[in-house]
Structure formats: C-alpha cells, structure tokens
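>>> structure for the following, please:
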Amino acid sequence: MRSLSIASTGMLAQQTNVDVISNNIANMSTTAFKRQRAEFQDLLYQQVSRAGAASGNDSKLPTGIQIGAGVKTGGIYRIAEQGALAKTDNPYDLAIQGKGFFQITMPSGETGYTRDGSFQLSDQGELVTADGFPVQPGITVPQGALAVTVSKTGEVQVTLSGTPTPQTIGQLQLATFVNEAGLEALGGNNFLETAASGQATVASAGEPGFGMLTQGFVEQSNVNPVSEITALITAQRAYEMNSRVVKTADEMLATTSQLR
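Numbers count the residues shown, from 1 in each chain. The predicted model follows:
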C-alpha cells in the first residue's frame, strides 16, 4: 500500500519541523538569533491517467488521476525580522537597527559576519567578539582612554586624559547581502558568505539600505514563544495524524491477510 510510505514521509517531515522549532525555542535568549522556518514540498506523482487524455467517443479526461508520493523538506529559511534591543550600559556593546552585519576575522582568515554586537577589548585593546575574533576594520582603543563613544553611523571616538576633544580612531562598517537566508551558519552567532547569499555589499551604517548602530545595547532573539508553541502543537498533531494513517494501513493489510 502506498499509504505506508506516504505517511512515513509525513512523519519524517514533521520530525524535521519539530527539530527546527526546538532549535528556535532553545535560542530564545541567544543574542541576535534569527528564528527559522521549515518549508515543505510535495513529492513526485504517479500518473495513473493523464489529464486531457482521450477517454473514448472523442472526449478527454478533465482531470486525470495523479497519486502523490508524500512530502519532503524543501528548505529551512532564516527569518531576518528585527529583534528587540536590550540595554546593557556596556560601551562596547553595539546593536544594529535595520539591515546589516558586523564583519569579523575568523581564525581561518576568512571574513565572517554576525549581528551579535556584544563586543569586548582584547589584551591589546582591540575590539573583538565574545570568542576573541577581531572586528573589521580593526579598532584599537588606546590604553588609558577615559571614554569610548560610537555614533549611529559607526564612527568610533575616544576621550584621552588631558585632551578634552574626542579623537576618532576608526569607522565601523556593515555588510548586507541580496539573500541573507543563503548565508552559512557556523554557530557562535557567526555566518559565512556563500554563492546563494551573493557577495557582501559594505558601507557605513546609516547609508541607504543599511541599519544604524546603537551603543550600549544588544539585539535580542526574534523568537516569539507563543508562535513557536503554537507551531509545535500543530506539528505534533500532524505527526499524530500521519502515525494514525500508518496504523490504519497496517490494520487494512492485516484484514486482507486474514481473507480466505
């Protein structure tokens, strides 16, 4: 019976759906995390009779007969909706309001991208991520700086002892992509450019198509707990209905095998 294999694809699809939802819920408190959504596609159809085929007496079948083979996971998309901002009062914490990613230098030497702006200073005074990856372009805060300010457009200034006028020490830039969902997630809130994402477009914050920076804040996860729990219940019910199909098909096969 086809129903056994069809229902099994449905159960596997809903298992994937629950995996995605559970990852969203697990990252509710992850800085700048973007929730994901599983998308599904129907499988190939068996053509028992093709629509439009001759049915005799010069007439044609209006619909034909096509029997589907089930469902598959078509993709898992990342939702780039803006997360709420949380105040930290840490002068090195930066949140992006709008589109864009910070650029960082990965241990491999590649340029990585992140929206997690919970930055700190290294032992050399260099602005780095929580994992110690340098932020591009390199920003080094002089030792003994009394205050560090980052403008909404990414200009970094410091106030030094004996020098009342702030000095500019660098300019942070953001990167955007044609298809943010195509970025490769590395974990640690970091991403890599791929052929699907397109090449990065780099500019200062506040330029057309780029977000603004807010100092002393970090972006929170955009996971909505209520929506995720609702989606989880829906996935669970869909899984149960597919399992019911398997049970029903098994009972029908058992009845057939008992015929004499």
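>>> contacts for stretch 144-162, please.
For stretch 144-162, the surrounding residues in contact (CB atoms under 8 Å, 6 or more residues apart in numbering) are 91-92, 94, 139, 141-142, 166-174, 204-206, 212-215. C-beta here means a position set from N, CA and C on the backbone, and glycine is covered the same way.
>>> hmm, I was thinking of stretch 117-126
With contacts defined as CB under 8 Å, 6+ apart, stretch 117-126 is touched by 31-32, 88, 90, 92-96, 102, 127-130, 132, 134-135, 138-143, 213, 218-219.
>>> how about it: buried residues?
Neighbour counts using 16 or more other CB atoms under 10 Å place G117, S118, F119, L121 of stretch 117-126 among the buried residues.
>>> again with stretch 96-113
The neighbour-count check on stretch 96-113 (16+ other CB under 10 Å) flags I96, K99, G100, F101, F102, Q103, I104, T105, M106, G112, Y113 as buried.
>>> equivalent analysis for stretch 8-23, please.
Neighbour-count burial for stretch 8-23 flags T9, G10, M11, L12, A13, Q14, T16, N17, V18, V20, I21 (criterion: 16+ other CB under 10 Å).
>>> who's in contact with Q41?
Counted by CB under 8 Å, 6+ apart, Q41 has contacts V71, K72, T73, G74.
>>> dump those residues into TSV; add secondary structure and neighbour count as well.
Converted to TSV, the contacts of Q41 look like this (DSSP: H, G, I helix; E, B strand; the rest coil; neighbours: other CB atoms under 10 Å):
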residue	secondary structure	neighbour count
V71	strand	20
K72	strand	14
T73	strand	17
G74	strand	12
